Every structure is written in C-alpha cells, then in structure tokens.
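In: Turn this into a model:
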Amino acid sequence: MRPIHRFAKVLAGLARWCFLALALSSLGTAHAANKTCTGGNMSVGASWGGTVPVATDTLRINGACIVDNAFANLAYGTLEVSRGAAGTVSWPVSGTATLNVTTVLTGGFGAGTINMTNGGTLQIRTGWTSTNTTLTPGTGTVNWNVTGAASTLPTLPAVGVNTYNNLTITATGRIASLGLATTVNGNLLISAGTLSVSASNFALNVKGNFTNNAAFTQATGTVTMSGTTAQAIDGSATTTFSGLTITNISAAVSLSPTTNLVNVSGTLNMNGFATLLTPLAAVVINNAAAAGTITGSGTVQVTRTAATADYSSQYKFVTNTLTNLTVEYIGTATQVVSALSYGNLKISNISAAVTAAANFNVSGTLNMNGAATLLTPAAAVVINNAAAAGTITGSGTVQVTRTAATADYSSQYKFVTNTLTNLTVEYSGAAAQTVSALTYGGLKIDNASGATLAGATTVGGTLTFTSGNITTGANTLITVPSCASPSVVRTSGHVVGDLQKALPAGAPPCIFEVGSGANYTPLTLTFFTLPTPGNLTVSATSGEHPDTTAGTSSLVRSAQGVNRYWTLKNSTLAGIFSAAATYVATDLDALATYPNFSVSRGTTCSGTRTCASWAIQSLGAPAPSAILITATAMSMTSGAAETDLVVGEPTLPRVRRAKEFIFTRELY
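Out: Below you'll find the model as predicted:
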C-alpha cells in the first residue's frame with residue numbers, strides 16, 4: 001500500500017502546480033485586455049468604462065480621447081483608432097505625456113486621427129500598419145523606439161503619415177528605415193540604432209536640427225535643411241551624407257558635431273543666394289579623403305584656424321564649383337586664401353590677417369567685409385592673374401606687397417571695377433613701389449623705401465604715414481576730407497612734392513605734411529578769416545630758392561638763410577592767414593643767425609620759381625628758432641598765382657627804433 005500512497009501524493013502535488021499555472025495564466029490574460037476609450041482624459045477610469053489600461057493592454061479609441069499629463073507612460077500593446085466608432089487621440093495644451101504602444105493598427109470603423117497639435121510624445125516600438133489613421137504632427141514628438149526586428153516607418157502619404165514635428169530614433173541594435181520621402185518640421189534625433197533612407201533612397205527634409213548620436217545610412221538619397229530659423233547638423237557620431245542641400249534662406253545652418261567630422265560623398269548644394277553654412281573651426285567636411293562636389297549660390301564660411309587655415313583644408317571636395325558661391329573667411333586667427341577660382345570672396349575675419357601665398361581669382365566680388373579686415377598677399381601673388389575681372393569693394397584694408405615689375409596696386413589687384421570708396425589700400429612692400437593713379441578710400445604708406453605717384457591721386461578718406469614717403473613728381477596728391485578731420489595721420493614719412501588739402505570754413509590750423517628725403521618740414525597755415533571752404537596745394541623744396549641764389553630778388557641773404565622754401569598754389573581760398581614753417585638744423589647756412597631771420601614772400605611765381613615781386617612779412621609768435629619761424633598777416637585770394645615763402649636774414653637789416661620822448665611847445 002505504501003507505493004500507492006506515495007503515488008497519490010505525487011498526483012496531488014502535480015494538481016496544485018497545474019492550478020497555480022492556470023491561475024498565473026489567467027492573471028496574465030487579464031493584463032493583456034482590450035481596453036476601449038469612449039472619450040475624455042485617458043488617465044480617468046470612466047473614460048475606459050471602469051479602469052485605466054495597464055501595460056500590454058490593447059488600446060481601442062472610439063471617441064475623442066486625450067492623453068492628459070497624468071496618463072501613465074506604460075508599455076501598452078497595439079493602438080487602434082476608430083475601432084468601433086469614430087475616434088481621435090490628442091494631447092492637452094502643453095502636453096507632456098507619452099503614449100507608448102507597440103504598433104498603430106487599422107481601426108475597423110473608419111478614419112482616425114492622432115492629433116499632436118499641442119505637443120506630447122507618441123512612442124512606437126514595432127511599426128505602423130494602419131492604413132486609415134492620420135497623424136497631425138503639430139508640436140509633438142514621434143519616438144521610433146524599435147525593440148524588435150528592423151522596422152520601417154509608415155508608407156502612407158495618402159493619409160499624411162510622412163510629416164513629423166520632432167522625430168526621434170531610439171532603435172538600439174536595430175535599423176529604422178524610411179517608408180517614403182519624409183519631412184521633419186522640427187528636430188531629427190538619431191539617439192540609438194540606425195536610421196536608413198532604405199534601398200529606395202528616400203529624400204529626408206529637415207526643418208530643425210539634424211543630430212546623429214548613432215548611425216545614419218543615406219545610400220544615394222538627399223537630406224535637405226530647409227528651416228526658417230537657425231539649424232544645426234551635430235551629434236557625437238560621424239555623419240556621411242550622399243547629397244546635402246541647404247535651402248534655408250532665413251538663418252545659418254551650422255556644422256557642430258562633437259566628432260568634428262561631416263562627410264558629403266555626393267553633392268553639397270547651397271541652393272539659394274541667401275543660404276549660409278557655418279562650420280565650427282575644428283569641423284572638416286570629408287576629413288578622411290576628398291570627395292564629392294560643392295556647388296550652389298549661397299555662402300560657405302571658412303572658420304578653420306588650425307593647421308592650414310584655408311578653404312581647401314576645411315572643405316575637401318574633389319570638385320569645387322564656386323562660380324556662383326560666396327566663400328567667406330571669418331576665422332578668429334590668421335587664415336590663408338586657397339589658390340582657387342572663386343565666384344565671390346568675402347573677408348570677414350576681423351581678428352587677424354588673411355594671407356595669400358599663391359595666385360587666386362575672383363570673377364564676382366571681393367568684399368572686405370569690415371573696417372578691421374586685412375588682406376595681405378605675398379609679394380608674388382596676383383589676384384586675377386590671367387585677366388582683369390570682377391569687383392573689389394568693402395571697408396577693410398588690402399595690402400600692396402608687390403615689388404616686381406610694376407610694383408603698384410593695379411598690378412597686384414586686377415579688377416575691372418575698383419570700388420575703393422571705403423577701402424584702405426596699404427603700400428607695404430619690401431622695396432620702392434608705385435602708387436596707382438586712382439581715387440582711394442584710405443591710403444596708407446608703410447614702406448621705408450617709399451612710393452611714387454603714377455599720376456594724379458585722390459584720397460577720399462585718411463592718408464596714413466606709418467613709414468616712408470610719397471613722392472609726387474609732376475603730380476598732385478589730393479586729400480578730400482577737411483583739415484579739421486584730420487585728413488592725414490602721421491607716424492613717420494611725408495609728401496615729397498605737391499599735397500592738396502581742403503580747408504573748412506572758419507579758422508582751424510591746417511598742417512601740410514611735406515618735406516624732402518628724410519627731412520620732415522611741414523607748413524602750418526592758420527586763417528584768421530575764412531568765410532568759405534576751399535583747397536590749397538603746398539610743397540616744400542630743399543635748397544636755395546632760385547631768386548635767392550640770384551641774390552637780387554628774394555630779399556634774404558643767400559649765405560645766411562634756410563636752404564629750403566615752400567610753395568603755395570592752386571588756391572580756392574580767400575582770407576588773412578599766418579604760416580609756421582618748420583625746417584631742420586641741417587637746412588641752415590653756416591653763417592646764419594636765426595634770431596635775425598625773416599620770412600620773405602614771393603608772389604606771381606613761375607614754374608621755374610622766378611617770382612615777380614618779394615616782400616618781407618611780419619613775424620608772429622614764437623620768435624624765430626633753429627627749426628621754426630612764423631609769418632603773419634598775409635593775405636590770399638581765390639585763384640591767386642603761385643606764391644613762395646623763403647626764410648633767412650634779410651638783405652636790408654631790420655631796424656629797431658629806440659623809444660623816444662618828444663616834447664613840443666607851441667606859442668600863442
């Protein structure tokens with residue numbers, strides 16, 4: 001009997017385990033119930049006919065159901081909108097809740113809507129097979145969180161499931177593929193797994209940021225950045241595009257991946273004149289190897305400052321079709337212009353010089369975009385070397401470093417149109433140069449060997465002497481701004497020859513920065529009355545005045561004076577003025593005694609410096625010195641003939657009469 005008893009006990013135990021298994025099975029079945037929402041907030045049991053769904057429940061929507069912020073973010077089963085009656089799923093204003101389902105299935109009753117106008121998140125873990133559910137993207141986020149096999153996004157453009165607001169891919173270890181050409185109105189985030197455009201190479205249009213922290217497989221498709229506010233291509237993973245098109249004409253598209261790598265194997269198209277691509281300084285496109293083509297009509301910025309800080313080191317394309325593009329150098333340290341043929345070239349680097357080591361061409365416009373910008377080519381570099389082309393403009397400074405052949409601006413900058421109104425041209429060669437006969441915005445001389453005018457030259461802005469002289473020869477250097485501006489800023493150097501200045505109405509002192517050789521001998525004029533503005537040309541000539549040498553006309557002694565004279569001509573002024581003449585100690589004759597100096601003025605002087613008449617002028621303060629004398633109370637009329645000023649001891653000594661007291665007596 002004992003074996004039978006033991007067998008009975010085993011059967012009883014099996015029965016208990018079977019009962020427990022059935023109970024657990026029943027409990028599991030209860031958790032996977034079909035729950036139907038007939039309307040209202042989905043966190044309220046009444047909306048579901050009693051109790052809210054739990055994880056794995058199938059959600060059937062037969063009314064206007066709201067994913068309110070109290071609704072639990074559980075891993076539900078399938079979602080069927082309009083299962084037995086018309087249904088919609090929506091979120092409240094500023095909705096933050098997540099609706100997390102495996103798949104969106106077709107509702108049996110008719111068309112349904114998932115409306116994300118107010119925000120919220122729809123998380124899908126497997127797929128979207130519904131053929132009659134419309135997605136209204138609004139301000140919401142769709143999170144394609146593939147946990148099973150590879151998945152394909154909806155393929156239903158007819159019901160509007162091809163446009164998202166924010167789209168997030170969290171397909172860890174899986175591939176999420178586009179089901180058709182897709183538009184993301186907000187941000188695209190590849191957080192985990194892989195986003196593929198599929199074998200169909202579907203186009204992807206992104207209006208917000210494109211962030212890749214995992215993997216992106218584009219094949220031969222095209223990604224278009226088409227937003228209306230600033231956009232970024234970033235992320236912690238290297239992104240390789242086949243085609244990348246920029247159509248955002250309202251704001252910049254930045255490249256800011258933390259890997260500093262973006263590749264474009266096909267074509268980068270800046271599709272629009274106002275489009276702008278701005279990479280971080282460390283970002284290189286096609287870093288591993290040059291590839292693809294760049295083209296379009298927008299602007300690509302060169303921000304690179306490390307290593308070779310040029311366009312070609314940041315944009316490594318096999319084909320650079322730059323004819324209609326603008327390349328903008330906008331780094332924060334010294335940069336280099338790549339030796340290419342540009343459509344338009346913009347220099348916006350205000351932190352350091354942009355240099356050029358080899359010839360380059362600009363068929364459109366070279367724009368020095370900022371008063372602090374500086375372009376400094378090597379001496380051998382010629383811009384537009386083959387033939388003159390394009391326009392140069394802007395408000396910065398371009399250096400003339402050329403010293404070979406014709407060492408002037410026009411030989412180094414071969415542009416058809418030179419719009420120099422606001423530009424400064426700086427002559428800074430290592431040997432003597434020639435100043436092209438042009439109208440400059442600003443003109444700067446920083447060449448110890450000096451420069452010579454090729455013809456009449458006008459400076460509309462500031463004439464700056466840093467080092468070296470300008471020799472005018474038979475020409476005149478004209479400064480347009482008023483003497484009060486001032487029109488000339490000088491550290492070292494001066495004009496050897498004729499310098500014309502504009503004097504304003506009123507009576508400001510006007511310094512004419514003239515001299516000869518290394519000797520700076522300016523003439524300062526002060527008008528006591530000057531009712532109308534006008535121009536005046538002044539020069540300083542080293543040596544005895546011809547009339548002084550003759551010993552008959554200039555009224556100063558040839559062996560007891562200053563071997564220098566000043567010429568005033570082309571006057572459109574009228575008034576009474578004083579003139580302070582500065583000379584150097586080596587100008588004085590050995591026998592000269594400067595306390596006895598006078599100023600003799602010659603009038604109606606000829607080009608050979610023979611003057612019709614001479615007169616000794618009244619002296620003003622301070623008293624004559626070894627380097628300065630001031631004549632006063634001289635008159636000038638508009639259009640008057642040339643006049644010369646000579647300094648020295650007069651041929652007739654100045655007579656000083658002692659004070660006398662004279663008494664007279666009259667008788668009546």
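
In: Start and end of stretch 587-594, how far apart?
Out: For stretch 587-594, the separation between the terminal residues is 11 Å (C-alpha to C-alpha, to the nearest Å).

In: Flag every buried residue along that stretch.
Out: Buried residues in stretch 587-594, counted by 16 or more other C-beta atoms under 10 Å: Asp587, Leu588, Asp589, Ala592, Tyr594. For the C-beta atoms, the positions are set from N, CA and C on the backbone; glycine is no exception.

In: shaky segments in this protein?
Out: Low-confidence segments of the chain, defined by pLDDT under 70: 1-31, 148, 507, 653-668.

In: Would you map the helices across it?
Out: With DSSP state H applied, the chain shows helices at 2-31, 311-314, 409-412, 546-550, listed in chain order.

In: Would you point out which residue is most central in this structure?
Out: Centroid-nearest residue in the chain: Ser348, 3.7 Å away (criterion: C-alpha atoms, centre = their mean).

In: show me the contacts for that residue.
Out: Applying C-beta atoms under 8 Å, 6 or more residues apart in numbering to Ser348 gives the contacts Glu328, Tyr329, Ile330, Asn369, Gly370, Thr373.

In: Just the buried ones from those, in ChimeraX syntax?
Out: Burial among the contacts of Ser348 is assessed by 16+ other C-beta under 10 Å; the matching ChimeraX selection reads:
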select :328,329,330,369,370,373
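
In: Thr141 and Asn166 touch, don't they?
Out: Yes: look at Thr141 against Asn166 with C-beta atoms under 8 Å: they come within range, at 3.9 Å.

In: Pull up the overlap in contacts between those two.
Out: Counting by C-beta under 8 Å, 6+ apart, the common neighbours of Thr141 and Asn166 are Gly186.

In: re earlier: the residue nearest to the centre of the chain and Thr308: what is the separation?
Out: Per C-beta to C-beta, to the nearest Å, Ser348 is found 19 Å from Thr308.

In: so, if you compare the buried residues of stretch 587-594, which one comes nearest to Ala149?
Out: Nearest to Ala149 out of those is Asp587 (C-beta to C-beta; 98.2 Å).

In: ok, back up a step: return the distance of the residue nearest to the centre of the chain relative to Val262.
Out: Distance of Ser348 to Val262, computed by C-beta to C-beta: 22 Å.

In: Also Leu374?
Out: On the measure of C-beta to C-beta, Leu374 and Val262 end up 30 Å apart.

In: Tell me, how many residues neighbour the residue nearest to Gly39 when sequence neighbours are not counted?
Out: Leaving aside its sequence neighbours, Gly39 sits nearest to Gly63 (C-beta to C-beta, 6 or more residues apart in numbering; 3.2 Å). Neighbour count of Gly63, defined by other C-beta atoms under 10 Å: 17.

In: Make sure Asn384 is actually in contact with Lys414.
Out: Yes: the criterion here is C-beta under 8 Å, and Asn384 meets it with Lys414 at 4.1 Å.

In: residues touching Leu423, list them.
Out: Met368, Ile392, Thr393, Gly394, Ser395, Gly396, Thr397, Val398, Tyr440, Gly441, Gly442.

In: For the last one, which non-adjacent residue is spatially closest?
Out: Nearest non-adjacent residue to Gly442, counting by C-beta to C-beta, 6+ apart: Thr424, 3.3 Å away.

In: which residues does the one you found contact?
Out: So Thr424 contacts Gly396, Thr397, Val398, Tyr440, Gly441, Gly442, Leu443, Lys444, Gly461, Thr462, Thr464 (C-beta under 8 Å, 6+ apart).

In: All the strands of the stretch 501-650 of the chain, residue numbers only.
Out: Assigned by DSSP state E, counting those that start in this stretch, the stretch 501-650 of the chain shows strands spanning 510-512, 515-516, 519-520, 523-527, 534-542, 556-569, 575-582, 598-605, 611-616, 618-619, 628-636, 643-650.

In: mind giving me TSV with those and columns for distance to Ala215 and mean neighbour count?
Out: Listed next are the strands of the stretch 501-650 of the chain as TSV, based on distance: least, C-beta to C-beta, whole Å; neighbours: other C-beta atoms under 10 Å:
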stretch	distance to Ala215	mean neighbour count
strand 510-512	71	23
strand 515-516	72	22
strand 519-520	70	18
strand 523-527	75	21
strand 534-542	72	21
strand 556-569	79	22
strand 575-582	77	20
strand 598-605	86	22
strand 611-616	90	15
strand 618-619	90	15
strand 628-636	80	18
strand 643-650	84	23
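
In: Ala55: which of the ones you listed is closest?
Out: Nearest of the strands of the stretch 501-650 of the chain (C-beta to C-beta): strand 510-512, 89.6 Å.

In: Quick check: neighbours of that closest one in the sheet, parallel or antiparallel?
Out: As defined by DSSP bridges, the strand partners of strand 510-512 come to strand 523-527 (antiparallel).

In: hey, C-alpha coordinates of the strand it pairs with in PDB?
Out: Extracted in PDB, the C-alpha atoms of strand 523-527 (Å, rounded to 0.1, in the frame of the first residue of the first chain):
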ATOM      1  CA  LEU A 523      54.000 124.100 -43.200                       C
ATOM      2  CA  THR A 524      51.100 125.000 -40.800                       C
ATOM      3  CA  LEU A 525      48.600 127.600 -42.000                       C
ATOM      4  CA  THR A 526      46.100 129.300 -39.800                       C
ATOM      5  CA  PHE A 527      43.500 131.600 -41.300                       C
END
